[in-house]
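Undergrad: got a predicted model here, sequence first, then my questions.
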Amino acid sequence: DAKTTQPTSMDCAEGRAANLPCNHSTISGNEYVYWYRQIHSQGPQYIIHGLKNNETNEMASLIITEDRKSSTLILPHATLRDTAVYYCIVRVRTNAGKSTFGDGTTLTVKP
Amino acid sequence: GAGVSQSPSNKVTEKGKDVELRCDPISGHTALYWYRQSLGQGLEFLIYFQGNSAPDKSGLPSDRFSAERTGGSVSTLTIQRTQQEDSAVYLCASSLGPQANYGYTFGSGTRLTVV
């Protein structure tokens, strides 16, 4: 699986959009981009995933660049409960098997 | 149940004792994964089961660690002769299948403390 690079930490004001970047410059055409988050003392939670097109669900939006070498997770109106570690990972399309989680980005939403 | 269930939620054991950690995946999920997370660290892959295929054991840190999955459902992770460095949160996840368009659902984990 391709390696991902994320900033170690970010801050965001409550009510504002949180934009979390992820670089995956070695991604191949058959790899998905996944985002999970882990709120303190809980198991990771699936947020969203995509292959080529931008995706949106009730939690977030995922913007993937045209060359697929980077992506951005957008939380449109961050709340204090969105404070968590956010993990960006890539997975091969078929028989993906295990996923490798990096260190993620610690997002702190401030009042 | 609706989610991935892990038991016990907390386990304190003496160094040298054996422990068993249990994971009940979501019904119908054929893929099951074990990870562990030491305090302040990221997730470390341990083992992966998919259907009746041989498990991917490449992440098990030593031969004191083993896991089985019976009937394609419940999984048990066993740690023999526990050491203090085994103290961590052990997380189980399941997914509908091995394909990359199926995300993981994680349980709440078992916090293991070896004293």
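TA: Cool, the structure landed.

Undergrad: what residues does chain A have near chain B?
TA: Taking C-beta under 8 Å from any C-beta of the partner chain as the measure of proximity, chain A contacts chain B at A:31-32, A:34, A:36, A:42-46, A:49, A:51, A:87, A:91-104. C-betas here are computed from N, CA, C, even on glycine.

Undergrad: just the buried residues of the residues you listed.
TA: When neighbours are counted using 16 or more other C-beta atoms under 10 Å in any protein chain shown, the residues of chain A next to chain B contain these buried positions: A:31-32, A:34, A:36, A:43-46, A:49, A:87, A:91-92, A:96-101, A:104.

Undergrad: residue A:42 versus residue A:17, what's the distance?
TA: Taking C-beta to C-beta, to the nearest Å as the measure, residue A:17 and residue A:42 are separated by 24 Å.

Undergrad: and if you look at residue A:69?
TA: Look at residue A:69 and residue A:42: by C-beta to C-beta, they are 31 Å apart.

Undergrad: what do you get for residue A:104?
TA: Relative to residue A:42, residue A:104 is positioned 14 Å away (criterion: C-beta to C-beta).

Undergrad: and residue B:77, by the same measure?
TA: When distances are taken as C-beta to C-beta, residue B:77 and residue A:42 turn out to be 19 Å apart.

Undergrad: quick check: next helix or strand after the one helix or strand residue B:77 maps to?
TA: Using DSSP states H and E, residue B:77 sits within strand B:75-79. Once the chain leaves strand B:75-79, the next helix or strand it forms, by DSSP H and E, is strand B:88-95.

Undergrad: now that following strand, how far from the chain's geometric center?
TA: Taking C-alpha atoms, centre = their mean, to the nearest Å, the mean C-alpha location of strand B:88-95 is offset from the chain mean by 5 Å.

Undergrad: in three-state terms, label the residue in chain A that chain B sits nearest to for me.
TA: When distances are taken as C-beta to the nearest C-beta, chain A reaches nearest to chain B at residue A:43, 3.4 Å away. In terms of secondary structure, residue A:43 is coil; the call rests on DSSP: H, G, I helix; E, B strand; the rest coil.

Undergrad: and it, how far from residue B:32?
TA: 14 Å.

Undergrad: and the pLDDT at whatever residue of chain B ends up closest to chain A?
TA: Nearest to chain A in chain B, going by C-beta to the nearest C-beta, is residue B:106, at a distance of 3.4 Å. Per-residue confidence for residue B:106 comes out at a pLDDT of 94.

Undergrad: am I right that it is in contact with residue B:4?
TA: Yes. With contacts counted by C-beta atoms under 8 Å, residue B:106 reaches residue B:4, the gap being 6.2 Å.
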